[in-house]
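> Here is a sequence with its predicted model. Questions after.
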Amino acid sequence: MRAWGLLLALGATIIVATGLPLRVRLDRPRLGTPQVQEPGTKLEVYLRTSLPWAAPAAQLSLEDDAGADFPLAAPTRWWRGNILCLTTRIPDLKDGRYALRVRTSSQDLRQPGAVFVRRTWPASFFIVQAGDFPPPGKEDLLPQFIEEMNLLQPAAVLGTGDISYDVRAEWYAFLLENLGRLEMPFLAAPGNHERKGWAAYLRAFGPGPQRADLGPLRVLSLDSAHGRDQFTPSEFHWIRNELEHLEGRTPVIQVHHPVMPAGPAIHGEAGGSGGFLNGYRLPFMELCRVHRVPLVLSGHWHSDAIFDEKGALRDDRADFPGTHYAVVTALGNELRQVTRWPHQYHGYRIIRFTEGRLVSETYDLAGTGRPNPVASVPLGGLHARALPGGAVEARNDLNESFESVQVTLEGATPGLRPDQGVLVGVLPAGKAFRYRVRLPLPAHSVRTVRLERP
């Protein structure tokens, strides 16, 4: 008995010694697992502590893009081992992006893109999905993607796995720096490559699975990389429970591995492509059928594909009934041809909704006025370029028109106005001011915006 007591005392001493001084890490909300909410709603902050059931006092606040700090009300607390949940409320803030700050006596943690305040949603809006992000050697493609997203202003960007092909801290710092410039929520789902440096991924984007409500939508981000191509039992039970309690919202699911096999010409992971979801595949598809999930988004193949709920590649039409199982091409990694669909290019999916109903997830690749039934949007077709004198040029080389894009201009003084478009915000930026302007951008057009005195 005495020996057991000594072992317990030694174990407790080791735990305390390694956990002191007390430290905390912000698990969520954060970039990758943000919260999108209305003012006055509940905000839950999860901290991971260096000692179980012990944490220093913490002050919470939100910080807007101009650097203004908004303290949050004193939170309630509950514990689960070394996970501390702080529950507070979103103040009456303007719509927009906010960084979450957690201050203790020894730490000042700041997480950009953690909280987005939004009161109302338009009847029609779109989200963007991307997967298989640029690896080292193709890193210039990531800033281009960020530029296009900040120009398009989707309601959210979904990163469907293989966001990082490198486990180095320097590479994750590069990813976070670029993704932190997104002006909209970024929702991350891990892929098989994240498993090579799982701790680094969790530190960067937080644990899953996760739920995010975007007006009439409920986006559910899953992890299929357990054993490379399967759900765990607990995750399957989680998704089943989520689909049983949608609160009237339309579910959209993202999971890295495609749900459907590519076809008889593809065998396993030959050449690095063709793998699909195995564990819980059929029960998952039944859940999607019963709960009328309109869209399941995947990556992994580095190639576009869309299947119906019977597993048929739908390169004939884009408006078939039932769940659409869509696979997106690689945003920046090597390109492959996995199915008979012949087109290969880096890109992303623009997914449109009207009153919570899926409208489209494909692009008019040929410029015929009719979207191809499988195609995603090629990367590199949208640009915003600063010109001498403070003007900004927005260029659209795509076969698709956009009712509203956003450009940012820098002015030396307040009180200026754009010569076209609608001014939607002015932010101080050091000794200058950033003017955010929205304007239409038709297909194959160029618009130049300048600031002028009223």
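Done, it's in. Numbers count the residues shown, from 1 in each chain.

> pretty sure residue 176 belongs to a helix, no?
Yes - the secondary structure assignment for residue 176 places it in a helix, going by DSSP: H, G, I helix; E, B strand; the rest coil.

> And for it, nearest residue in space, chain neighbours not counted?
residue 204 (5.9 Å; Cβ to Cβ, 6 or more residues apart in numbering). Bear in mind the C-beta positions are built from the backbone N, C-alpha and C, glycine included.

> One more: residue 180?
Counting by Cβ to Cβ, 6+ apart, the nearest residue to residue 180 once its immediate chain neighbours are dropped is residue 112, at 4.4 Å.

> What segments of the chain are helices?
Counting by DSSP state H, the segments of the chain that form helices are 2-19, 141-152, 169-179, 198-205, 233-244, 281-290.

> Residue 441 is in contact with residue 400, isn't it?
No - counting by Cβ atoms under 8 Å, residue 441 stays clear of residue 400, with 9.7 Å between them.

> In terms of neighbours, single out the busier of the two.
residue 441 (25 against 17; other Cβ atoms under 10 Å).

> Return the residues in contact with the more buried one.
The contact partners of residue 441, taken as Cβ atoms under 8 Å, 6 or more residues apart in numbering, are 394, 396, 401-402, 405, 447.

> Distance to residue 367, pLDDT and neighbour count for those - can I get that in TSV?
Formatted as TSV, the contacts of residue 441 follow (distance: Cβ to Cβ, whole Å; pLDDT from 0 to 100; neighbours: other Cβ atoms under 10 Å):
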residue	distance to residue 367	pLDDT	neighbour count
394	20	98	23
396	13	98	22
401	12	97	12
402	15	97	20
405	19	98	21
447	20	97	18
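
> who touches the residue nearest to residue 100 when sequence neighbours are not counted in this structure?
The spatially closest residue to residue 100, leaving aside those adjacent along the chain, is residue 114, at 3.9 Å (Cβ to Cβ, 6+ apart). With contacts defined as Cβ under 8 Å, 6+ apart, residue 114 is in contact with 26, 28-31, 34-35, 98-100.

> what's around the nearest residue to residue 79 once chain neighbours are set aside, how many residues?
With Cβ to Cβ, 6+ apart as the measure, residue 53 is the residue that lies nearest to residue 79, at 5.4 Å, once sequence neighbours are left out. Close neighbours of residue 53, defined as other Cβ under 10 Å, add up to 10.

> Cross-check the contact I'm expecting between residue 53 and residue 78.
No - assessed by Cβ under 8 Å, residue 53 is found out of contact with residue 78, at 10.8 Å.

> gap between residue 106 and residue 293?
As judged by Cβ to Cβ, to the nearest Å, residue 106 and residue 293 stand 46 Å apart.

> Tell me which of these two has more neighbours.
residue 293 (25 against 10).

> check contacts around residue 300.
Under the criterion of Cβ under 8 Å, 6+ apart, the contact partners of residue 300 comprise 131-132, 161-162, 191-192, 256-258, 273, 275, 327.

> Return the per-residue confidence for the nearest residue to residue 291 once chain neighbours are set aside.
The spatial neighbour of residue 291 that comes closest, neighbours along the chain excluded (Cβ to Cβ, 6+ apart), is residue 243 at 4.3 Å. In this model, residue 243 is scored at 98, pLDDT.

> Give me the below-cutoff pLDDT ranges for the stretch 1-150 of the chain.
For the stretch 1-150 of the chain, the stretches with pLDDT under 70 are 1-20.

> Next, please give the residue ranges for the strands of it.
Per DSSP state E, counting those that start in this stretch, the stretch 1-150 of the chain has strands spanning 24-28, 35-37, 42-49, 59-63, 69-71, 76-80, 83-89, 96-103, 108-117, 124-130. These are given in chain order.

> between these, which gets nearest to residue 169?
Closest to residue 169 of the strands of the stretch 1-150 of the chain is strand 24-28 (Cβ to Cβ; 14.8 Å).

> Can you list the helices and strands that the closest one packs against?
Under the contact definition 3 or more Cβ pairs under 8 Å, 6 or more residues apart in numbering; DSSP states H and E, strand 24-28 sits against strand 42-49, strand 96-103, strand 108-117.

> That strand relative to strand 42-49, how many degrees between them?
Going by axes from the mean of the first three to the mean of the last three Cα atoms, to 10 degrees, strand 24-28 is angled at 140 degrees with respect to strand 42-49.

> Counting neighbours, which bits of strand 24-28 end up buried?
Within strand 24-28, the residues that count as buried by 16 or more other Cβ atoms under 10 Å are 24-28.

> I'd like these laid out as a markdown table, including distance to residue 70.
Listed next are the buried residues of strand 24-28 as a markdown table, based on distance: Cβ to Cβ, whole Å:
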| residue | distance to residue 70 |
| --- | --- |
| 24 | 21 |
| 25 | 22 |
| 26 | 17 |
| 27 | 21 |
| 28 | 19 |
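
> I figured residue 335 was touching residue 301, is that so?
No - taking Cβ under 8 Å as the contact criterion, residue 335 and residue 301 are not neighbours in contact, 10.0 Å apart.

> what about those two, which has more around it?
For residue 335 versus residue 301, neighbours defined as other Cβ under 10 Å are more numerous around residue 301 (27 against 16).

> Redo the helices of the chain as TSV? Include distance to residue 321 and mean neighbour count.
Shown next, in TSV, are those (distance: least, Cβ to Cβ, whole Å; neighbours: other Cβ atoms under 10 Å):
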stretch	distance to residue 321	mean neighbour count
helix 2-19	55	10
helix 141-152	29	19
helix 169-179	35	16
helix 198-205	35	18
helix 233-244	19	15
helix 281-290	11	16
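
> can you pull the contacts of the closest residue to residue 397 other than its chain neighbours?
Counting by Cβ to Cβ, 6+ apart, the nearest residue to residue 397 once its immediate chain neighbours are dropped is residue 381, at 4.4 Å. Contacts for residue 381 were tallied using Cβ under 8 Å, 6+ apart; they are 148, 396-398.
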